[in-house]
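S.K.: predicted model, plus sequence, below.
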Amino acid sequence: MASKPSDMVVTSDDDTGGGAGPMPVKIVVAGGFAVGKTTFIGSISEIEPLTTEAALTKVSEGVDDTSKVSTKTSTTVAMDFGRITLGEDLILYLFGTPGQDRFWFMWDELVRGAIGAVVLIDTRRLEECFPAVDYFEENQIPFVVGMNCFDGQATHSPDDVREALAVSPDTPVLLIDARERVSTRDTLLELVQHALVRATA
Amino acid sequence: MSLGDAGDGLRVRPYAITGGRTRAATEVPIEAIVYRTPKGEKAVASMSMERRQILDLLSSPQSAAEISGRLRLPLGVARVVVGDLVDEGFVALNTRSATGRPDLRLLERVLDGLQAL
């Protein structure tokens, strides 16, 4: 079996293929519709953000019993993601969460073994991030909140937002610009530091 | 929860590729890095269809998500085909998601890596 303990340093052959591959780590990027998740991922990813699609089929409710025709509908959940090579044996993946909250099962997989999450917010539509904040709190996933300042100007202070979200005082709330690589990197750094603190607590 | 039990991709046409199966014996996490084994290296030319596309793509190791995204295969389909390739010894996986949150040492390596960007 190829899986290795997380703390084992994997040495990979530098020739392509055949050698043991690098170890993946992941960070989840969540937030409401059009809040800048893919922009955030794309600002630092070494590849153009890719999309993976998981198909769902569900049987519609309220089908007329006399009809023998089932009305299955299929829905596709699309997740954008990017990748950052952190060393020849370590790759960080950034996964954007699927837009709708009803795809929680996909979130469960995305957060399993993840370092933590970045919750992006638009202060004009703050309520859209509530489900994500609730989810990460309930599942004890370390997260930071990134206030995406679309026009480069903050309309609210991080403290106001922390209070409005009722997140714990130690949860980092940051002003970010999802288009800027340095801003994105610093946000990720903040999250990893936060996860480190949580892990040592 | 375990993979597939909420029905990611049940009963959808692309599953013809997988013989109708929605999961392989080997679970393939979305971020698992897939790489060719020496046996897989030798077998590329003899493979057909999706299996060959995947082995071709793995001239450099890729995650299951990348295989799905680059080949435009639904994630569930990519996972089943990759899982089969694992079972048959053509590829192997690096994954740590089953081991829980990253430990301190791994977090520190990520921190160092990000700082060096």
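M.R.: Everything's here; your move. Numbers count the residues shown, from 1 in each chain, chains lettered A, B, ... in the order given.
S.K.: ranges for the helices of chain B?
M.R.: Along chain B, counting by DSSP state H, helices occupy B:38-43, B:49-57, B:64-71, B:75-87, B:104-115.
S.K.: output those as CSV; include the columns mean neighbour count and distance to chain A.
M.R.: The way it works is simple: take the backbone N, C-alpha and C, and place the C-beta from them, glycine included. Shown next, in CSV, are these (neighbours: other Cβ atoms under 10 Å in any protein chain shown; distance: least, Cβ to the nearest Cβ, whole Å):
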stretch, mean neighbour count, distance to chain A
helix B:38-43, 16, 5
helix B:49-57, 17, 9
helix B:64-71, 23, 3
helix B:75-87, 25, 5
helix B:104-115, 17, 3
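S.K.: longest helix in chain A, by number of residues?
M.R.: helix A:181-200.
S.K.: tell me what that helix is packed against?
M.R.: Secondary structure elements in contact with helix A:181-200, counted by 3 or more Cβ pairs under 8 Å, 6 or more residues apart in numbering or on different chains; DSSP states H and E, are helix A:37-44, strand A:116-121, strand A:143-148, strand A:173-176, helix B:104-115.
S.K.: now the ones you listed in a markdown table, with mean pLDDT and distance to B:Ala98?
M.R.: Converted to a markdown table, these look like this (pLDDT from 0 to 100; distance: least, Cβ to Cβ, whole Å):
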| stretch | mean pLDDT | distance to B:Ala98 |
| --- | --- | --- |
| helix A:37-44 | 96 | 24 |
| strand A:116-121 | 97 | 18 |
| strand A:143-148 | 96 | 21 |
| strand A:173-176 | 95 | 31 |
| helix B:104-115 | 96 | 14 |
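S.K.: possible to save those as CSV with distance to A:Phe103?
M.R.: Output for the helices and strands packed on helix A:181-200, formatted as CSV (distance: least, Cβ to Cβ, whole Å):
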stretch, distance to A:Phe103
helix A:37-44, 14
strand A:116-121, 15
strand A:143-148, 18
strand A:173-176, 25
helix B:104-115, 27
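S.K.: so which of the ones you listed is nearest A:Val133?
M.R.: Ranking these by proximity to A:Val133 (Cβ to Cβ) places strand A:116-121 first, at 6.0 Å.
S.K.: mind exporting whatever helix or strand comes next after that closest one as CSV, just the C-alpha atoms?
M.R.: For strand A:116-121, the succeeding helix or strand toward the C-terminus, using DSSP states H and E, is helix A:130-138. Below are the C-alpha coordinates for helix A:130-138, written out as CSV (Å, rounded to 0.1, in the frame of the first residue of the first chain):
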residue,chain,number,x,y,z
PHE,A,130,-22.8,32.0,7.8
PRO,A,131,-23.3,28.4,6.7
ALA,A,132,-19.6,28.0,6.1
VAL,A,133,-18.6,29.5,9.5
ASP,A,134,-21.1,27.3,11.2
TYR,A,135,-19.9,24.3,9.4
PHE,A,136,-16.2,24.9,10.3
GLU,A,137,-17.0,25.7,13.9
GLU,A,138,-19.1,22.6,14.3
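S.K.: got the buried residues for helix A:130-138?
M.R.: By neighbour count with 16 or more other Cβ atoms under 10 Å in any protein chain shown, helix A:130-138 contains the buried residues A:130-133, A:135-136.
S.K.: nearest to chain B among the residues you listed?
M.R.: Of all these, A:Phe136 has the smallest distance to chain B: 12.8 Å, by Cβ to the nearest Cβ.
S.K.: poorly predicted segments of the chain, please.
M.R.: Since no chain was named, I'll use chain A. Filtered on pLDDT under 70, chain A yields the residue ranges A:1-19, A:56-74, A:99-102, A:151-153.
S.K.: please go with chain B instead
M.R.: Using pLDDT under 70, the flagged stretches of chain B are B:1-16.
S.K.: may I ask you to name the longest strand in chain A?
M.R.: Of all segments of type strand in chain A, defined using DSSP state E, the longest is strand A:72-87.
S.K.: what lines up beside the next helix or strand after it in the sheet?
M.R.: Sequence-wise, the next helix or strand downstream of strand A:72-87 (DSSP H and E) is strand A:90-96. Sheet pairing for strand A:90-96, assigned by DSSP bridges, gives strand A:23-31 (parallel), strand A:72-87 (antiparallel).
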